[in-house]
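Student: okay, sequence plus prediction incoming.
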Amino acid sequence: MGKAYSLKLMFSNKKGEYLSDVIVKLFDQKGNSILTTVSNGPWLFIDLSPGMYHLEASFKADRKRSQVKIVSGSQKVISIQWE
C-alpha cells in the first residue's frame, strides 16, 4: 500500500531503533507551508506532486532539514537518524 505514495520517510536513532512522535513540516519552493504533522510510527508516507520541497523533521530538540525532489512515477525514500 505504501508504494502508491511519492515520499516515504523513515525515522530511527543511530542504534537502528525506530522512532515515533517526529514532527514533520513540508514547504514548497517559495517557503509556503504545505504540511505539518506528527508521525505516529517510524514510517510516514506522503503523496506529493512532482517538484522540489523543503523538509524539516524534528525529534525532541534536534531538527533536521533537507531538500526533497519528487519525480513522477517513482517513490523517494528518505531515512532520517538522530543520536
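Tutor: Great, that's in hand. Numbering: from 1, shown residues only.
Student: and for stretch 51-63, what's in contact with it?
Tutor: 9, 11, 19, 21-29, 31, 34, 64-70, 78, 80, 82-83 (C-beta atoms under 8 Å, 6 or more residues apart in numbering). C-beta here means a position set from N, CA and C on the backbone, and glycine is covered the same way.
Student: can you pull the buried residues of that stretch?
Tutor: Buried residues in stretch 51-63, counting neighbours by 16 or more other C-beta atoms under 10 Å, are found at 53-55, 57-59.
Student: residue farthest from the centroid of this structure?
Tutor: Lys15 (19.6 Å; C-alpha atoms, centre = their mean).
Student: and the helices in the protein, which stretches?
Tutor: Assigned helices in the chain: none (criterion: DSSP state H).
Student: that one: strands as residue ranges?
Tutor: 7-13, 22-27, 33-39, 43-46, 51-59, 62-70, 76-82 (DSSP state E).
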